[in-house]
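Undergrad: Give me the fold of what follows.
(chains A and B)
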Number of protein chains: 2
Amino acid sequence: MKKSREEPGAEAAQDRARSFVTSMDRGLRVIRAFGERRAFLTVSEVAERTDISRAAARRFLKTLEALDYVGTADGQRYFLKPSVLTLGFAYLSSLGLNEVVQPVLTSMLDRTGEPCSFAVLNETDVLYVARAYNHQPLRAAIRVGDRLPAFSTALGRVLLSGKSDDELRAIMTTIQLKRHTPDTIIDPLLIMNEIAKIRRQGHAFSASEQIFGLTAIAVPIRNAAGEIIAGLGVSTQFPEMAAKLETAIVPQLKDAAATIELAMRTNPSPLSI
Amino acid sequence: MKKSREEPGAEAAQDRARSFVTSMDRGLRVIRAFGERRAFLTVSEVAERTDISRAAARRFLKTLEALDYVGTADGQRYFLKPSVLTLGFAYLSSLGLNEVVQPVLTSMLDRTGEPCSFAVLNETDVLYVARAYNHQPLRAAIRVGDRLPAFSTALGRVLLSGKSDDELRAIMTTIQLKRHTPDTIIDPLLIMNEIAKIRRQGHAFSASEQIFGLTAIAVPIRNAAGEIIAGLGVSTQFPEMAAKLETAIVPQLKDAAATIELAMRTNPSPLSI
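TA: Sure, this is the predicted structure:
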């Protein structure tokens, strides 16, 4: 390894640039181009969505086809194949959720009768990585792998409360704060107030901001260094339960979070770093 | 596009070779190197598991790190980050499961009280892409994204029954037929008999072959061309329910499969091709 001579930051940046595999980046963008309501994409559509040339998009699709990650019926419209799921599953397996997190979620579900979620921050979204729920036809059907805007959910705001005010303001200038219901808070100042409150009281609360009629509560999960690495939340569509969330459920959630934190300290997970 | 002169198959193969992006293949292999019980991997371990050089493995890890798909605490041991989940989720979203499959699974769960699964074949595994289940502490915790060996599960054998006998024999010579319980059928001849029976009766049955005490039943989902594209199954750990599976539950599963097939014909999914 070459020894650092001058400015270490600059050399690290150079090293990063030298070792960056552009085709890896592009290939992953091609996979991500597919999704919600766009199951079938032509070469041109993939090129447009990924901002790469038509010729390159075609090469990536052909490669992914040879690897059985995408398929095509007519040679024109491409679609993802099940192998893609195994990429995300490599992540889920690596977390060891089955041993540590899932039992805690299940026990929370048993005690509250309401769905319990474990989520992390992914860019400006809250990403659900584990869930425990009973089937209830009227309930919002959030599933593992789903993403929701972090700013308008209790779980998301708990995760954002780990960022500095400067970071939060920077994020808010780059994204569009969107109104999902009449109750969604979209004023940056009110959001900052809400996050300051979360830091003080140690839990987040949101009512009808993402899905009308859905009230949610969440607490942070911290690593050994005290950094917020995940969130644990309970949501309900029943008013009588919603009234109990902050009083009866928050203490239980805090206990559950402590159990997860302790388990992660003795058995390190990629999340706890 | 160059016109085909001689042998079209050979030209297609050449075309495939020309457009194959090797780094895309390698990068995806690096992601898949992580997983069950191996959350943290060094450059050497990734190189070994993916069969690529140490230098190349390092470049891929650095690239994936810059893209926020992997992280490292100490620069030595790498781990996957949540963004990886969004790759698999692109696939799940593209299937439109929420609209078509999930309501059918939920309705089967309501009627049987037992977990209901929707799965596809991925290489020689059955890959679970949708599930409906109530929480039951003693139940086998199969989750979306999980894979089980196709040959020893009812869902897997239903999917395999769409292959020709020659294809099945070829697969069986390349894999190791493994005994998971004392009841697992591992004799190729008995497996072929079992699959012939599935073709005749239109459903598959397995008892205690994958998980001791777990009985399962499954029916195929076919596309418009009649090809088997997915499987729909119910499993139980309760003997009184197991006794009813073939008589009472199979007709219900066949109705449910017909509902999914009809919906997929009017609203094509990547699965139905």
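Undergrad: how far away is A:S44 from B:L28?
TA: The span separating A:S44 from B:L28 equals 24 Å under the rule Cβ to Cβ, to the nearest Å. In short, each C-beta sits where N, CA and C put it, glycine included.
Undergrad: Where do the helices of the stretch 101-250 of chain A begin and end?
TA: A:101-112, A:154-160, A:165-174, A:188-201, A:239-244, A:250-266 (DSSP state H, counting those that start in this stretch).
Undergrad: Select, out of those helices, the one closest to chain B.
TA: Between chain B and the helices of the stretch 101-250 of chain A, the shortest gap by Cβ to the nearest Cβ is with helix A:101-112, which sits at 5.9 Å.
Undergrad: what mean pLDDT does the closest one have?
TA: Mean pLDDT, helix A:101-112: 89.
Undergrad: How about residues contacting it?
TA: With contacts defined as Cβ atoms under 8 Å, 6 or more residues apart in numbering or on different chains, helix A:101-112 is touched by A:95, A:115-118, A:130-134, A:232, A:234, A:236, A:241, A:249, A:252-253, A:256, A:259-260, B:135, B:137, B:141.
Undergrad: Tell me, how many residues neighbour the closest residue to A:P115 other than its chain neighbours?
TA: In this structure, A:P115 finds its nearest non-sequential neighbour in A:Y133, 3.7 Å apart by Cβ to Cβ, 6 or more residues apart in numbering or on different chains. Counted with other Cβ atoms under 10 Å in any protein chain shown, residues neighbouring A:Y133 total 21.
Undergrad: quick one: A:Y133 and A:G113 touch, right?
TA: No. A:Y133 lies out of contact with A:G113 (Cβ atoms under 8 Å); the separation is 10.1 Å.
Undergrad: ok and the residue in the stretch 1-150 of chain A nearest chain B?
TA: Counting by Cβ to the nearest Cβ, the stretch 1-150 of chain A gets nearest chain B through A:G88, at 2.4 Å.
Undergrad: hang on, that residue in a helix?
TA: Yes. With DSSP: H, G, I helix; E, B strand; the rest coil as the criterion, A:G88 is located in a helix.
Undergrad: which ones are touching the nearest residue to it once chain neighbours are set aside?
TA: Nearest residue to A:G88 in three dimensions, chain neighbours excluded: B:G88, at 2.4 Å (Cβ to Cβ, 6+ apart). B:G88 makes contact with A:V84, A:L85, A:T86, A:L87, A:G88, A:F89, A:Y91, A:G145, B:G145 under the criterion Cβ under 8 Å, 6+ apart.
Undergrad: Give me the pLDDT for the closest residue to the last one other than its chain neighbours.
TA: Distance criterion Cβ to Cβ, 6+ apart; nearest residue to B:G145, sequence neighbours excluded, is A:F89 at 3.8 Å. At A:F89, the predicted lDDT confidence score is 79.
Undergrad: Please work out how many residues are found near A:F89.
TA: 25.
Undergrad: Contacts only, for it.
TA: A:F89 makes contacts with B:G35, B:G88, B:G145, B:D146, B:R147, as judged by Cβ under 8 Å, 6+ apart.
Undergrad: cool, A:L87 as well?
TA: With Cβ under 8 Å, 6+ apart, A:L87 has these contacts: A:I31, B:L28, B:I31, B:R32, B:V84, B:L87, B:G88.
Undergrad: Make CSV from these and add distance to B:V126 to it.
TA: Listed next are those as CSV, based on distance: Cβ to Cβ, whole Å:
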residue, distance to B:V126
A:I31, 22
B:L28, 21
B:I31, 22
B:R32, 18
B:V84, 22
B:L87, 21
B:G88, 16
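Undergrad: Which ones among those residues lie within helices?
TA: A:I31, B:L28, B:I31, B:R32, B:V84, B:L87, B:G88 (DSSP state H).
Undergrad: Which ChimeraX command selects the buried ones in these?
TA: Only the buried entries of the ones in helices among the contacts of A:L87 go into this ChimeraX selection, using 16 or more other Cβ atoms under 10 Å in any protein chain shown:
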select /A:31 /B:28,31,84,87,88
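Undergrad: Domain ranges for chain A, per the record?
TA: Following automatic domain parsing, one finds the domains of chain A at A:8-83, A:95-272.
Undergrad: Kindly check the end-to-end length of the last one for me.
TA: By Cα to Cα, to the nearest Å, the extent of domain A:95-272 from end to end equals 10 Å.
Undergrad: who's the spatially most central residue of chain A bridged to?
TA: In chain A, the centroid-proximal residue (Cα atoms, centre = their mean) is A:L127; its distance is 1.8 Å. A:L127 forms beta bridges with A:V120, A:R147, as assigned by DSSP bridges.
Undergrad: who's in contact with stretch A:247-256?
TA: With Cβ under 8 Å, 6+ apart as the criterion, stretch A:247-256 contacts A:104, A:107-108, A:111-112, A:202-203, A:217-219, A:232-234.
Undergrad: A:G71 falls within a strand, correct?
TA: Yes. Using three-state DSSP, the assignment for A:G71 is a strand.
Undergrad: wait, doesn't it sit right on A:K81?
TA: Yes. Contact criterion Cβ under 8 Å: A:G71 and A:K81 qualify, at 4.9 Å.
Undergrad: shared neighbours of these two, anything?
TA: Counting by Cβ under 8 Å, 6+ apart, the residues touching both A:G71 and A:K81 are B:P270.
Undergrad: how about the residues of the stretch 151-273 of chain A near chain B?
TA: Contact residues, the stretch 151-273 of chain A versus chain B (Cβ under 8 Å from any Cβ of the partner chain): A:P268, A:S269, A:P270, A:I273.
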